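# need coordinates for the following:
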Amino acid sequence: MRAQKTETELRKEQIIEAALGLISTEGVSGLSIVGIAGQVGIVPSALYRHFKGKDEVLDGVVEFIKRRLLINVTEVRSEVSAAPQRLRYILMRHARLLAENRAIPHVVFSDGFYTGNPRRKARVGEIIMAYLDKIEEIIEEGRQEGTIRKDIVPGTTSLLFLGMIMPAAVLGKVCGEGFDMIAHAENSWPLFERCIAVDAQTAMDPEIGEDHE
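Predicted structure coming up:
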């Protein structure tokens, strides 16, 4: 059972979500303390009780993304046992995260987000690599349990997994509501599963998935 969030934690979440909303519509350059405060419904001075300035808000956005990505992995691990199903559930949660927060591609790919702050760029890189490591772990577990093919390379496959959704996130940013991120993930998954899952491949070729080492 999750601990109940304090009023301060809730307010900080509201500020981060407001910042993401503004980044989505105005870009990083259009983000301001006054604009964020207006979205939250507080005066700018009240915002400074939680963040020292815009730079700290942007750091908070990075930590929000990290928290949501890794919570998704942790929760799916506790709810689902087989590796292919875990990957499918994570993919769908990732798609929903991006559909609800279309500013995330701005955060990951925008030079303006990192200008004058190489530490923040390094932090985003660390988060992406940590996420890929978690996906790679699940793939390797599937290889060991016999649900994922032995002949795939977990590191490469984890990158392909991420590749199902990140380009779609960019397209979603360009097209807005005209691009259905959830439907894209649902349609992409069967193709990915046929490439990695033992059961799916065995249906086409009984020798695939056998350990010939």
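# this protein: helices as residue ranges?
7-26, 33-40, 44-47, 54-79, 83-100, 104-109, 111-114, 118-145, 154-163, 166-175, 181-196, 198-202 (DSSP state H).
# any idea of the mean pLDDT in the third one?
Which is helix 44-47. Across helix 44-47, the average pLDDT comes to 93.
# pLDDT below threshold where in this protein?
Applying pLDDT under 70 to the chain picks out residues 1-5, 176, 200-213.
# go again with 50.
When residues are selected by pLDDT under 50, those of the chain lie in 1, 201-213.
# in TSV, list the helices of the chain along with mean neighbour count.
Heads up, the C-betas are built off the backbone N, CA and C, glycines and all. Compiled in TSV, the helices of the chain are given as follows (neighbours: other Cβ atoms under 10 Å):
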stretch	mean neighbour count
helix 7-26	17
helix 33-40	17
helix 44-47	15
helix 54-79	16
helix 83-100	20
helix 104-109	20
helix 111-114	15
helix 118-145	16
helix 154-163	16
helix 166-175	16
helix 181-196	16
helix 198-202	17
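# nearest residue to Met181 other than its sequence neighbours?
Ala99 (4.1 Å; Cβ to Cβ, 6 or more residues apart in numbering).
# so what's that neighbour up against?
By Cβ atoms under 8 Å, 6 or more residues apart in numbering, the residues touching Ala99 are 172, 181-182.
# closest one of the residues you listed to Leu22?
Gly172 (17.5 Å; Cβ to Cβ).
# from Asp199, how far out is that closest one?
Note on Gly172: its distance to Asp199, by Cβ to Cβ, to the nearest Å, is 31 Å.
# and for Met129?
30 Å.
# one more: Ala18?
45 Å.
# with Leu20 instead?
According to Cβ to Cβ, Leu20 and Asp199 sit 39 Å apart.
# before we move on, what about Glu177?
Glu177 sits 36 Å away from Asp199, taking Cβ to Cβ as the criterion.
# and what of Glu26?
47 Å.
# next one: Phe179
Counting by Cβ to Cβ, the gap from Phe179 to Asp199 is 31 Å.
# and for Ile71?
Per Cβ to Cβ, Ile71 is found 29 Å from Asp199.
# Gln39 now?
Taking Cβ to Cβ, one finds Gln39 at 48 Å from Asp199.
# next one: Ala183
Counting by Cβ to Cβ - Ala183 and Asp199 are separated by 24 Å.
# tell me who's in contact with the nearest residue to Glu145 once chain neighbours are set aside.
Spatial nearest neighbour of Glu145, chain neighbours left out: Ala83 (6.5 Å); criterion: Cβ to Cβ, 6+ apart. Residues in contact with Ala83 (Cβ under 8 Å, 6+ apart) are 138-139, 141-142, 145, 147-148.
# from those residues, which is closest to Val61?
Ile138 (26.4 Å).
# ok, the closest one touching Arg86?
Yes. With contact defined as Cβ atoms under 8 Å, Ile138 reaches Arg86; the gap is 5.2 Å.
# alright, I will stop here.
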